[in-house]
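Visitor: Sharing a sequence plus its predicted fold:
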Amino acid sequence: MGYATVNPYTNETVKTFETASSDQVEAAIAKADAAFHAWKGFDGAARAVVLQKAADLLRADHRAYAEILTLEMGKLIGEAEAEVELSAKMLEYYAKHGAAQLAPRYLPAEGYGDQDVALVNDALGVLYAVEPWNFPYYQVIRITAPQITAGNAIVLKHAGNVPQAALAMEKLIAEAGAPEGLLTNLFASHETTEQVLADKRVRGVALTGSERAGAAIAATAAKNLKKSTLELGGADAFLVLEDADIDKAVEWAAFGRHWNAGQVCVSSKRLIVVDAVYDEFEAKYIEKVAALKAGDPLDESTTLAPLSSQKAADDLAAQVEEARSEGVTVREIGAEVPSEGAFFRPTLLTDIPLGGKASQTEFFGPVTQLYRAKDEDHAVEIANDSPFGLGGSVFSEDIRRAQELSRRLDTGMVFINQPTGVKADIPFGGVKNSGYGHELIDLGLKEFVNQKVVVISDIDGSF
């Protein structure tokens, strides 16, 4: 694969980068391993200083960082600045809480004192992070912040269309005072995965990406007896019950489906509305989406960005046409979008056959699936009829009812009366084909540590 900055607003190729050779892969791993051993000399307080400095650097130059995102993958400038701040908050979270979360846990054991049996958290070494383009900073920091807090080093293989974002993250961690190479960018090809994961210095791999990429990475990791965590996307259900605030639900549905141009793993992709309020919801939703304005993502008045690339737009169009051939009703919403650039006109899919291909597909862009459910039970049935299980949401004025319904959804996350909750202090992870493992808070911190048992014993005799 190649690495290039192609502005999706103009489809202009701005800059290209050479893919790493086998020797460069070896050098990157060696550099990260040296940084890992140097980083061992930093105690929790010293690591926190580096993390906080990185957060401060992001905030100090937030506009310049944001403009890289807009240039490379077309993100609205306001959303890009929000991503910079979210990344800063994640770094800051671990600066404040990481050391305490890594503290030894003392286990009560028969015949031993209160602190005789300890569970300590030792870093493993170098980790391989394979990250996507849709949140070029957030995705990198989501794995880097907890893992360098734990004492690990990262070799980063970022997506081919965000090379300058990858370099910006590498530079950020170095400028914050970390040993050189603690976050090492590598413009690796897919074919180098075997070389990286076969290396004994590399102790695990974290991937966010497609099901196909996840299956390939997991198989290679397993062959080399390396731990993996996977976040593989989703087709989140957005359930609207008859007692919901419809205007609020419409507002959040339009946002949840179209922020980041609809290119979000954990977002409202399948709107499932009970029959009693379906017609009102549909009419108001179409009106809301029709008001979106496509244009220059650097223009603050633009509310619908281009997709990340022309290929992404073409692939999405092919998915929509395949759904049409299956009998799905396809309606375009709002004004025509610009013909230049990787824009995609908002599209509504209805009359979707349950169990058909369209109902099992993740549409990564401004395409909405809308389902009419007979009642709450039918809504849950539709929601769970998916290979994915990342997130989901429930809209109801009865919070207890919504909480109870959320336990029936086969997903890793559920949000009540909002489409998602991407925060520095809320864990992230899914089930089924959406992957396994967690990122953020202490769950993410301990995914790649050796939880070692250390026992003090003065007991005489045999077991």
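Guide: It's in.

Visitor: quick one: the closest residue in space to Trp259 that isn't next to it in sequence from Ala145, how far?
Guide: Among residues not flanking Trp259 along the chain, Glu79 sits closest, at 6.5 Å (C-beta to C-beta, 6 or more residues apart in numbering). All C-beta spots, glycine's among them, are computed from the backbone N, C-alpha and C. Distance from Glu79 to Ala145, counting by C-beta to C-beta, to the nearest Å: 20 Å.

Visitor: same question, Glu340
Guide: 38 Å.

Visitor: These two: which has the busier surroundings?
Guide: When Glu340 and Ala145 are compared for neighbours, Ala145 comes out ahead with 28 against 10, by other C-beta atoms under 10 Å.

Visitor: Only C-alpha atoms, please: export whatever helix or strand that one lives in in PDB.
Guide: Element membership for Ala145, per DSSP states H and E: helix 138-150. Backbone C-alpha positions of helix 138-150 (Å, rounded to 0.1, in the frame of the first residue of the first chain) are rendered in PDB as follows:
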ATOM      1  CA  TYR A 138      -8.000  10.000  18.800                       C
ATOM      2  CA  GLN A 139      -7.400   6.500  17.600                       C
ATOM      3  CA  VAL A 140      -3.600   6.800  18.100                       C
ATOM      4  CA  ILE A 141      -3.900   8.400  21.500                       C
ATOM      5  CA  ARG A 142      -6.600   6.000  22.600                       C
ATOM      6  CA  ILE A 143      -4.000   3.200  22.500                       C
ATOM      7  CA  THR A 144      -0.800   5.200  23.100                       C
ATOM      8  CA  ALA A 145      -1.900   7.100  26.300                       C
ATOM      9  CA  PRO A 146      -2.700   4.000  28.400                       C
ATOM     10  CA  GLN A 147       0.000   1.900  27.000                       C
ATOM     11  CA  ILE A 148       2.900   4.300  27.500                       C
ATOM     12  CA  THR A 149       1.400   5.000  31.000                       C
ATOM     13  CA  ALA A 150       1.800   1.200  31.600                       C
END
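
Visitor: looking at the sheet around Asn185, what are its partners?
Guide: Beta-bridge partners for Asn185, by DSSP bridges, are Leu156.

Visitor: unless I'm mixing things up, it is touching Glu170, no?
Guide: Yes - Asn185 is in contact with Glu170 according to C-beta atoms under 8 Å; the separation is 4.2 Å.

Visitor: Which neighbours do these two have in common?
Guide: Residues touching both Asn185 and Glu170 by C-beta atoms under 8 Å, 6 or more residues apart in numbering: Leu156.

Visitor: what's the average pLDDT for stretch 445-459?
Guide: For stretch 445-459, the mean per-residue pLDDT is 92.

Visitor: That one: how far from the chain's middle?
Guide: 30 Å (C-alpha atoms, centre = their mean, to the nearest Å).

Visitor: let's number from 153 now, not from 1
Guide: Got it, the first residue is 153 from now on, which makes the last one we talked about stretch 597-611.
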